[in-house]
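Novice: Give me the fold of what follows.
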Amino acid sequence: MTHVLRQAGRPDIAAMHRVRTAVRENRLSSPGRITEADYVDAIERSGRGWVVESDGQVAGFAVGLLGGNIWALFVHPDHEGRGYGKALHDAMVGWLRSQGVARLWLTTAPGTRAERFYVSRGWRPCGIVQGGEMRLELDAPGAMPARFETEAS
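Specialist: Here you go, the predicted structure:
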């Protein structure tokens, strides 16, 4: 089995969306809500994306936006546990840091494998935001963490 980590492009969008709609956690309530134009903007204008291919098929993808938001990091359920998520995470975080982004953030459902994955990679839970999701942040080494206001604050 061969796997390749590379930058995502327009030809990958359909496969990325297949991965996104196949996940068991953090599922889209309306899969049509995210359009091809959303992917194009995220990987060409607002940020950058990466895919992991396993035997020529997209097995996972990640997209980081220049504002520091992690737009997506998903691995197809058939390919979990192979280190693809860590490789995608590290490529994305490394690129965002190289662009001068000091604070990264994302939201995910609380109590999920995704939350545990990010915390294990050094992300800090910052509270529950509107809509019930957990906000996590990752500051650049040496940066002072900001206080994030949550609904309960």
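Novice: burial count for Val119?
Specialist: 13 (other Cβ atoms under 10 Å). Glycine gets a C-beta too; all of them are placed from N, C-alpha and C.
Novice: go on, Pro141?
Specialist: Using other Cβ under 10 Å, Pro141 has 7 neighbouring residues.
Novice: Which parts of this protein are helices?
Specialist: 13-22, 36-40, 84-98, 113-120 (DSSP state H).
Novice: TSV for the ones you listed, including distance to Thr107 and mean pLDDT?
Specialist: Shown next, in TSV, are the helices of the chain (distance: least, Cβ to Cβ, whole Å; pLDDT from 0 to 100):
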stretch	distance to Thr107	mean pLDDT
helix 13-22	16	94
helix 36-40	17	94
helix 84-98	16	96
helix 113-120	10	95
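Novice: Redo these as TSV? Include distance to His76.
Specialist: Shown next, in TSV, are those (distance: least, Cβ to Cβ, whole Å):
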stretch	distance to His76
helix 13-22	5
helix 36-40	16
helix 84-98	9
helix 113-120	14
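Novice: Quick check: which of the ones you listed is nearest to Arg6?
Specialist: Closest to Arg6 of the helices of the chain, according to Cβ to Cβ: helix 84-98, at 9.2 Å.
Novice: how far off helix 113-120 does the closest one point, in degrees?
Specialist: Angle of helix 84-98 versus helix 113-120, following axes from the mean of the first three to the mean of the last three Cα atoms, to 10 degrees, is 50 degrees.
Novice: And helix 84-98, what does it pack against?
Specialist: Applying 3 or more Cβ pairs under 8 Å, 6 or more residues apart in numbering; DSSP states H and E, we find helix 84-98 packed against strand 3-7, strand 47-54, strand 57-65, strand 70-75.
Novice: Any idea which of those strands gets closest to Leu96?
Specialist: With Cβ to Cβ as the measure, strand 57-65 is the member of these nearest Leu96 (4.9 Å).
Novice: What strands line up against that closest one, and which way round?
Specialist: Based on DSSP bridges, the pairing partners of strand 57-65 within the sheet are strand 47-54 (antiparallel), strand 70-75 (antiparallel).
Novice: would you list those in JSON lines and tack on mean pLDDT, distance to Lys86 and mean neighbour count?
Specialist: Shown next, in JSON lines, are the strands paired with strand 57-65 (pLDDT from 0 to 100; distance: least, Cβ to Cβ, whole Å; neighbours: other Cβ atoms under 10 Å):
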{"stretch": "strand 47-54", "mean pLDDT": "97", "distance to Lys86": "10", "mean neighbour count": "22"}
{"stretch": "strand 70-75", "mean pLDDT": "95", "distance to Lys86": "10", "mean neighbour count": "23"}
